[in-house]
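>>> give me the fold of what follows.
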Amino acid sequence: MAPRDRKKIARRGSTRRLRPDVRRARAIVLAVRTTLALAVVAATTLGPPCSVLAADRDATPASVTEGRAARGRTVVGFVTGHGEPSLDGQFSGVAEELRRAHTVADVRLSEGPSALSGIGVIIVAGGPDIPDAELYELDQFLMRGGRVAFLLDGAVVPQTGSQANLSEGNIFGFLSVYGIVVNPDLVIDRSCAGSATWGDISTSSFYPYWPVVRTPNIAETHAVVSGITSVSLAWTSSITTRRVGAGGVEESVLLRSSSDSWTVSAFADLDPERSFETPEEFDDVHRIADELGFPIAIAVEGIFKSAFAGQRVIVQSGGSVRFVEPEGMIETSVPTRMVVFGGSMMFRDDLAAQLPGNAELLASVVRWLATDDAEPESPANSAPGPDRTPRRLALAILVVACSVAAVAAAVAVGLTLSRRRRPSSRV
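Residues are numbered from 1 along each chain as shown. The predicted structure follows:
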C-alpha cells in the first residue's frame with residue numbers, strides 16, 4: 001500500500017475515534033444548558049408572590065426591603081396613613097422599646113402587597129377608617145399566618161375639653177367579622193389610678209376612667225402577661241367575643257376590669273369632678289360587671305375565616321368605585337395569632353410617664369405574636385399559601401436537576417478518559 005494511502009486511512013481512523021468524544025462533550029453541554037434552564041424556571045417560581053388583587057395593583061416599591069430587617073429580627077409594622085398614632089409623634093416610646101429586639105417600620109397598606117413584604121407582626125392602633133382594598137390586604141396577611149395586634153379606641157378622647165365621642169372607623173366592623181368586638185363604651189372602675197393628667201383634665205384624686213388591673217384579673221399563666229402584677233390603663237373599652245369563622249380558635253382574656261366596674265357610652269363626660277356612682281340597674285347605656293369584670297385585653301389563636309370570604313372587594317380609584325372579584329383569595333387561614341386591646345391611649349408617649357411599664361407590655365405582646373410554639377400546618381380546607389408548596393416543589397426540581405446533570409457529566413468525562421487510556425487494537 002502506498003504511503004499516501006496509509007496516511008489517508010490513519011486520518012480516517014483517528015476521525016472515527018474522536019466522534020464518540022465529540023458526542024459526549026455535546027451531551028455535557030446539553031446537560032449544563034438544561035440545568036440552567038431549570039434553574040431559571042425554579043427561580044421564577046421562587047420569586048415573590050403576586051397580589052391577590054392582581055388586576056388592580058400598580059407596580060409599587062416595597063415599603064420594607066430585606067435591608068431593613070437584620071437577620072433573626074422580626075419586622076414590626078405600624079399601619080399608618082389613616083389618622084393612626086404615628087411612630088415619631090405618639091408611639092416613639094414603645095417604638096424605642098421594640099427596637100431592642102425587632103425592626104420597626106411604618107406600613108402603608110395603600111402600597112398594596114409590597115407593603116407587607118418581610119413584615120412579621122402588624123400593629124393597628126386608634127380607630128382608623130381604612131379603604132376596603134387595604135383591609136383586604138390586611139385580611140390576607142392574617143390568612144397567610146401573619147400576626148396582628150389591634151390597639152383600638154372605642155371612644156375618641158379629646159386633647160381639649162372633657163367630652164368623649166364615638167370612634168366611627170370601619171376597623172371595628174372589620175374586626176367583628178373574626179368574632180371580636182371592641183364595644184363603643186368606656187369602662188369605669190373603682191380599682192383605678194390615684195391621679196390623671198391629660199390636656200384639660202388634671203386630678204390628684206382617684207380617676208375611674210383609668211383602671212388599674214391587678215391580680216387575679218391578670219392571666220398570669222399566659223406568656224404575654226406572665227410575671228406582671230399590675231397594669232395601668234387609660235380610657236379603655238370593653239371587649240366582647242363570639243364564636244364565628246373557621247373554628248378551632250382559642251381565646252384567652254389577658255386583662256379584666258374589677259368586679260366593681262361598669263361601662264358608659266362612648267359619648268361620655270370625662271370630667272374628673274363629675275359623680276361616679278354605680279348605676280342602679282343594667283340599661284342600654286350602662287352595663288354592670290359581674291364578679292369576673294369586663295374583658296379589656298384578649299389573645300386569640302387558631303384558624304380564622306377570611307373577612308372577605310364570598311364577597312367582592314370595593315376598589316376606589318379617583319372618583320370611581322367598583323367591585324372586584326379577588327384573585328386567589330385565601331378563605332381560611334393557617335394557624336395564627338392576634339391580640340386585641342380596648343384602647344391605645346395607655347401606650348402613647350403623653351401617658352408613658354404616668355403609666356410606666358406599658359411599653360414593656362407591648363413588647364411582650366409582640367414577642368408572643370412573633371413566636372411559634374410549633375410549626376403550623378395548613379388546614380385541609382384552606383387554600384395553600386402563595387409561597388409554600390410551589391416554592392418547595394420548584395426547589396426540589398432544581399436540586400434533582402442539578403444532581404442528574406452532575407452525575408451525567410461525571411460519567412461522560414469518565415468514559416472519555418477511559419476511552420483515551422485504552423490501547424488501540426487496530427493496526
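>>> what does the pLDDT read for Thr80?
With respect to pLDDT, Thr80 scores 96.
>>> in stretch 219-230, what counts as buried?
Using 16 or more other Cβ atoms under 10 Å as the test for burial, stretch 219-230 gives 219, 224-225, 228. C-betas here are computed from N, CA, C, even on glycine.
>>> would you turn these into JSON lines with secondary structure?
What follows is the buried residues of stretch 219-230, written out as JSON lines (DSSP: H, G, I helix; E, B strand; the rest coil):
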{"residue": "Ala219", "secondary structure": "coil"}
{"residue": "Val224", "secondary structure": "coil"}
{"residue": "Val225", "secondary structure": "coil"}
{"residue": "Ile228", "secondary structure": "coil"}
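>>> for those, which one is nearest Gly145?
Val224 (18.8 Å; Cβ to Cβ).
>>> what's the end-to-end length of stretch 75-87?
From its first residue to its last, stretch 75-87 covers 14 Å (Cα to Cα, to the nearest Å).
>>> same question for that stretch: list its buried residues.
Neighbour count says stretch 75-87 has 75-82, 84-85, 87 buried, by 16+ other Cβ under 10 Å.
>>> now stretch 171-184
Quick answer for stretch 171-184 (16+ other Cβ under 10 Å): 171-172, 174-184.
>>> just flag the most distant two among the buried residues of stretch 75-87.
Val75 and His82 (20.2 Å).
>>> now intersect the buried residues of stretch 171-184 with the strands, please.
Among these, the ones falling in strands (DSSP state E) are 180-182.
>>> next, format the residues you listed as TSV and append pLDDT and distance to Ile201.
Below are these laid out as TSV (pLDDT from 0 to 100; distance: Cβ to Cβ, whole Å):
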residue	pLDDT	distance to Ile201
Ile180	95	29
Val181	96	27
Val182	97	22
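>>> which of those lies closest to Ile303?
For these, the nearest to Ile303 is Ile180 (14.6 Å; Cβ to Cβ).
>>> which residues touch that closest one?
Neighbour list for Ile180: 150, 239-241, 298, 300, 338, 340 [criterion: Cβ atoms under 8 Å, 6 or more residues apart in numbering].
>>> separation between it and Leu152?
10 Å (Cβ to Cβ, to the nearest Å).
>>> spit out the residues that contact these two alike.
Common neighbours of Ile180 and Leu152 are listed as Val340 (criterion: Cβ under 8 Å, 6+ apart).
>>> what sits against Glu360?
Glu97.
>>> give the pairing partners of the helix or strand containing Leu186; include direction for each.
According to DSSP states H and E, Leu186 maps onto strand 185-189. Sheet pairing of strand 185-189 (DSSP bridges) gives strand 261-265 (antiparallel).
>>> list the strands paired with the helix or strand following the strand it pairs with, with their directions.
Per DSSP H and E, the first helix or strand lying C-terminal to strand 261-265 is strand 287-288. Using DSSP bridges, the strands paired with strand 287-288 are strand 261-265 (antiparallel).
>>> run through who's touching the strand it pairs with.
Identification of contacts with strand 261-265 by Cβ under 8 Å, 6+ apart yields 183-191, 211, 238, 278-279, 285-289, 293-294.
>>> got it, and stretch 189-198?
157, 159, 202-214, 232, 234, 257-258, 260-261, 272, 276, 293, 350-351, 354.
>>> mark which of these are buried, thanks.
Listed as buried from the contacts of stretch 189-198 are 157, 203, 206-213, 232, 234, 257-258, 260-261, 272, 293, 350-351, 354; burial here means 16+ other Cβ under 10 Å.
>>> so which of these belong to strands?
Using DSSP E, the members of the buried ones among the contacts of stretch 189-198 that fall within strands are 203, 207-213, 232, 261.
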